[in-house]
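[1] Need a 3D model of the following:
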Amino acid sequence: MENKRYTSRELLKRFVPYYGTYRLPFFIDLFCAALTTLNELALPLILRYLTDVASTDFARLSVDLVLKVTLLYVVLKLVDILAYYYMNNIGHMIGARIETDMRRDIFTHLQSLSTSFYSQNKVGKLMTRITTDLNDVTEFAHHTPEEYFIAAIKFIITFIILIRINVVLTIVLAIIIPIMIYSIRNKNRKVAEMMSKQRSHIGSLNADIEDSLLGMNVVKSFTNENLEIEKFEGGNLEFLNIKRGFYKNLAALHAISRFFDGLMYIAIILIGGIQMLNKTLSPGDLIVFILYANMLTATVRRLVEFMEQFHRGLSGIEKFVEVMDTGSEIFDEDTALVVDKINGQIDFENVTFGYDDEIVLDNISFTAKPGESVGIVGPSGSGKTTIINLIPRFYDVNSGAIKIDGIDIRDIKLESLRAKIGIVQQDVYLFNESIFENIRYGKPGATDEEVELAAKMAGAHEFIADFPDGYDTMVGERGVRLSGGQKQRISIARVFLKNPPILILDEATSALDNKSEKIVQSSIKRLQEGRTTITIAHRLTTIMNSDKIIVLTKNGIEEEGNHNELMEEKGMYYNLYTSGFNDFDDNSYHEDIKE
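    Residues are numbered from 1 along each chain as shown. This next block holds a predicted model:
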């Protein structure tokens, strides 16, 4: 994600369309805000009316008049209560719904981003974008329009009332308030900057915490608890310093507000007092003027206090927009095809690919025929994993082409392409759900019978049946409650259920013990039947029976053929096989080659 700086105008322009779905309740909310504001503005006028009657024509001040005025205020107050209830109930729900819509949109967008995005961004930081950064949007979405709308009504109507009471005092206020707003606005920019830093740092802090907690076994095995505490303490103290700067600027913001607040009252008392001495201002009018001036200053103070909430919400929107503006490197062209059925032939034609400036595959060409099993072996860094990441378009080639049944995979819709490919990896990821749901992930909506049949085909049904809860057994986070062999068989069952014509095996058994490996290999053998299979392996025993074996190094494809053909060539494959080492990453083998 690029750390682009957005202006408030740009962020609001991106945010405002979310109100569109809730247009009617939103306008009702603003109408209710207007009603509550008018009710607040009415009270000083009612008091002024009673005061004027009492001071100019006391005989008119009857019980009947007082009761009528009281009844009027009761009606106004009932309207105020109902309007306020709507604002706090439905108004808040508008904000909550907008937050929900934004969270849906950002999660949906994250699903569309390419593998390279996830290799460059920590999961903890992305989780903060989806959750914490959007938490304040509810309050922002609800209160921002209300606060500014109410402030506008109060300023306009109050100034109209005040200028009718006393022109000189109103001019004094009209001079002081703009200077006050200007001063606050300047300091407010610094507050916004510090708020943005807080958001950015808490995302990084969350990512570091996630790293440490997920790697807790490694931390404990190396007794590095103190090291992790020190690392956390550094980030934690940095966050404290950012908050110190934020609160320092926020305090200055409030201090400026209170300074102008005091200046305003001093001016009213001084000028109003002189005017009373000159009998150009009545005591009742001065009291009413002070009440309305107090409303103005209270409104400005409320806006100042709201600035913290405003910037929290705006900062959350900024983090949201950052993710939404991140484009996917892998996408469907408008002319992309939906392929219903494929035979499974895979052709690499002069494929070149690199990460950033480092070329990993250079002009690679090979073919896997329909139903053929192709094993790829070679040392680490030779590009084996890159090959299998290119087939389902987790990355796109720099040049050349990968074709399935003669169609460039870039011309096939991603969903259609990936639906035809099943992948079994060394590092199996299981969701923290039941065994049943983890298997059914290969075909959402599959029946119980289909799931059980897939488990039997994968050799997983027996150990699943031994659990007290059977298929309803929860596997724990990342499948922690299952052994490596059990997790691998569940992942194979998932692919059986998907039933794809192309199968990719990425070191599927390398992390297992001998007993588990034999069981899983038996499951894999059944899975391979009738499918085009690409197998990545370090150990030769894994791919010896493949129809074709490709020996891949940093120089490209060194050798290609089946086991017997490669043995006859007496090249790299032969040397490794006859040396007694079965792993291309074995140091002894490399020493042998150098000699």
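[2] Was I right to think Ser112 contacts Ser328?
    Yes: when contacts are counted by C-beta atoms under 8 Å, Ser112 is listed as touching Ser328 (5.2 Å). The way it works is simple: take the backbone N, C-alpha and C, and place the C-beta from them, glycine included.
[3] what about the residue most central in space within the chain, distance to Phe107?
    When C-alpha atoms, centre = their mean is applied to the chain, the residue found nearest the centroid is Ile130 (3.2 Å). Look at Ile130 and Phe107: by C-beta to C-beta, to the nearest Å, they are 6 Å apart.
[4] for Thr326, same thing?
    14 Å.
[5] quick one, what contacts the nearest residue to Ser434 once chain neighbours are set aside?
    Counting by C-beta to C-beta, 6 or more residues apart in numbering, Asp472 is the residue found nearest to Ser434 once chain neighbours are left out, at 5.0 Å. The contact partners of Asp472, taken as C-beta atoms under 8 Å, 6 or more residues apart in numbering, are 434-436.
[6] Quick check: of the residues you listed, which has the highest neighbour count?
    Ile435 (27 neighbours; other C-beta atoms under 10 Å).
[7] Between Thr326 and Phe107, which is the more surrounded one?
    Thr326 (17 against 13).
[8] neighbours around Leu78, how many?
    11.
[9] Distance of it relative to Tyr84?
    11 Å.
[10] For the longest helix anywhere in the chain, enumerate the helices and strands it packs against.
    Looking across the chain with DSSP state H, the single longest helix is helix 225-277. Where contact means 3 or more C-beta pairs under 8 Å, 6 or more residues apart in numbering; DSSP states H and E, helix 225-277 is packed against helix 167-214, helix 283-324.
[11] quick one, which of the ones you listed is packed in tightest?
    helix 283-324 (a mean of 20; mean count of other C-beta atoms under 10 Å).
[12] and Arg494, what does it touch?
    438-439, 441-442, 454.
[13] 6 Å - rerun?
    Listed by C-beta atoms under 6 Å, 6 or more residues apart in numbering, the contact set of Arg494 reads 439, 441-442.
[14] ok, and the most crowded of the residues you listed?
    Neighbour-wise, these (other C-beta under 10 Å) top out at Ile439, 29 neighbours.
[15] unless I'm mixing things up, it is touching Ala493, no?
    Yes: between Ile439 and Ala493 there is a contact under C-beta atoms under 6 Å: 4.7 Å.
[16] what residues are shared contacts of the two?
    Ala454.
[17] Mind pulling up the pLDDT for Gly327?
    As predicted, Gly327 sits at a pLDDT of 83.
[18] okay, now Thr280: neighbour count?
    When neighbours are counted by other C-beta under 10 Å, Thr280 comes out with 12.
[19] meant to ask about Ile161
    Neighbours of Ile161 (other C-beta under 10 Å): 18.
[20] what sits against it?
    Here Ile161 is in contact with no residue (C-beta under 6 Å, 6+ apart).
[21] hmm, try it at 7 Å
    In this structure, Ile161 makes contact with Tyr292, judged by C-beta atoms under 7 Å, 6 or more residues apart in numbering.
[22] Kindly report the same for Thr299.
    Thr299 touches 151, 154, counting by C-beta under 7 Å, 6+ apart.
[23] now swap in the one 5 residues further on and tell me
    Residues touching Val304, when contacts are defined by C-beta under 7 Å, 6+ apart, comprise 184, 253-254, 257.
[24] how about those, which pair is most distant?
    Ile184 and His254 (9.5 Å; C-beta to C-beta).
[25] pLDDT weak spots in this protein?
    Regions of the chain meeting the criterion pLDDT under 70 cover residues 1-4, 58-59, 510-513, 580-595.
[26] what about the strands in it?
    346-355, 358-368, 373-377, 399-404, 407-408, 421-425, 502-506, 532-537, 548-553, 556-561 (DSSP state E).
[27] neighbours around the residue nearest to Pro145 when sequence neighbours are not counted, how many?
    Setting aside the residues directly before and after it, Pro145 is nearest to Leu30 in space (C-beta to C-beta, 6+ apart), at 6.5 Å. By other C-beta under 10 Å, the residues close to Leu30 number 16.
[28] so Leu30 sits right up against Glu147, yeah?
    No: counting by C-beta atoms under 7 Å, Glu147 is not a contact partner of Leu30; they are 11.2 Å apart.
[29] and Leu361, how far is that from Gly556?
    8 Å.
[30] who's more crowded, the two?
    Using other C-beta under 10 Å as the criterion, Leu361 and Gly556 rank with Leu361 on top: 23 against 13.
[31] hey, what's that one bridged with?
    Phe353 (DSSP bridges).
[32] cool, and Leu337?
    Ile412.
[33] What are the phi and psi values at Tyr6?
    phi -110, psi 140 (degrees, to the nearest 10).
[34] Most neighbours out of the contacts of Val304, which is it?
    The contacts of Val304, ranked by neighbours (other C-beta under 10 Å): first place Ser257, 23 neighbours.
[35] contacting residues for that residue?
    With contact taken as C-beta under 7 Å, 6+ apart, Ser257 is in contact with 184, 300-301, 304.
[36] which one among the residues you listed gets closest to Asp427?
    Using C-beta to C-beta, the contacts of Ser257 come closest to Asp427 at Val304, 52.3 Å.
[37] separation between the closest residue in space to that closest one that isn't next to it in sequence and Leu263?
    Leaving aside its chain neighbours, Val304 sits nearest to Ser257 (4.6 Å; criterion: C-beta to C-beta, 6+ apart). Here Ser257 is placed at a distance of 11 Å from Leu263 (C-beta to C-beta).
[38] again, but for Ala151
    20 Å.
[39] Pick out whichever of those two has more residues nearby.
    Neighbour count, other C-beta under 10 Å: between Ala151 and Leu263, Ala151 has more, with 17 against 14.
[40] Give the closest residue to that one in space, chain neighbours not counted.
    Nearest non-adjacent residue to Ala151, counting by C-beta to C-beta, 6+ apart: Thr299, 5.1 Å away.
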